[in-house]
Structure formats: C-alpha cells, structure tokens
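Undergrad: prediction below, plus the sequence it came from.
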Amino acid sequence: MTNKPERPETIKRAPRAAADESRDPVDPTPPSQTSPPEKAERTRRRREVTVQFSTRISPALLDTIVDLADEQGVTQRAVIEAAISDYARKNLSTN
C-alpha cells in the first residue's frame, strides 16, 4: 500500500476584486465604455410559419438545386418552393 492520501489537497484560491469595485453603481457610466453604439431603429420581421419537409433526393438533383441557388443568389428552400409552385401552376390549372 502507498502512503498517498485518498484525496488530493484542495487548492486555496483567494477571491479577487471585481473590475468595477471602485465605481458606485449609481454614478452614470460614460457611453464609450460600456454601451454599444446606437443603431438605426430595427424593424422586426415576422417569421414565416414553416413545416419540416424531409425527403430523399439523388445527388445529381441536389447538385442541380445547389447550382440554381448559387446562380440566383437565393436559398435552396427558395429554389425548391419555386419549382413546386411552377409545377403546381402548370399541372393543376389544366384539370
């Protein structure tokens, strides 16, 4: 058997003073130190309600979607939604 203690000695840490310890919280703070720069008024966009649509597609079709999204500067979702809308407009209006 060894003469090692079961638990290592604890490291004693002394508390450190806060960075703003000498400042009174009631005193005004200069704006350059803590407040972020003022921004133009933000308008909140409402989030569109969406549902998860998960389906398996071929790698070739995924490449086509990615290429179209890159060319048009839109998301893959926008490409898919446009394709489905165009398909529905062409095929459902003739019935």
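TA: Noted; the coordinates are in hand.

Undergrad: CA only for contacts and neighbour counts going forward, please
TA: Fine.

Undergrad: how far does stretch 7-25 sit from its chain's centre?
TA: 34 Å (C-alpha atoms, centre = their mean, to the nearest Å).

Undergrad: any idea how far apart the tips of that stretch sit?
TA: From its first residue to its last, stretch 7-25 covers 42 Å (C-alpha to C-alpha, to the nearest Å).

Undergrad: over to stretch 26-45?
TA: Termini of stretch 26-45 sit 36 Å apart (C-alpha to C-alpha).

Undergrad: so the residue positioned nearest the centre of the chain is in which element?
TA: Nearest to the geometric centre of the chain sits Arg47, at 14.2 Å (C-alpha atoms, centre = their mean). Assigned by DSSP states H and E, Arg47 belongs to no helix or strand.

Undergrad: quick one, what contacts it?
TA: Listed by C-alpha atoms under 8 Å, 6 or more residues apart in numbering, Arg47 has no contact partners.

Undergrad: and for Ile65?
TA: 76, 79-80.
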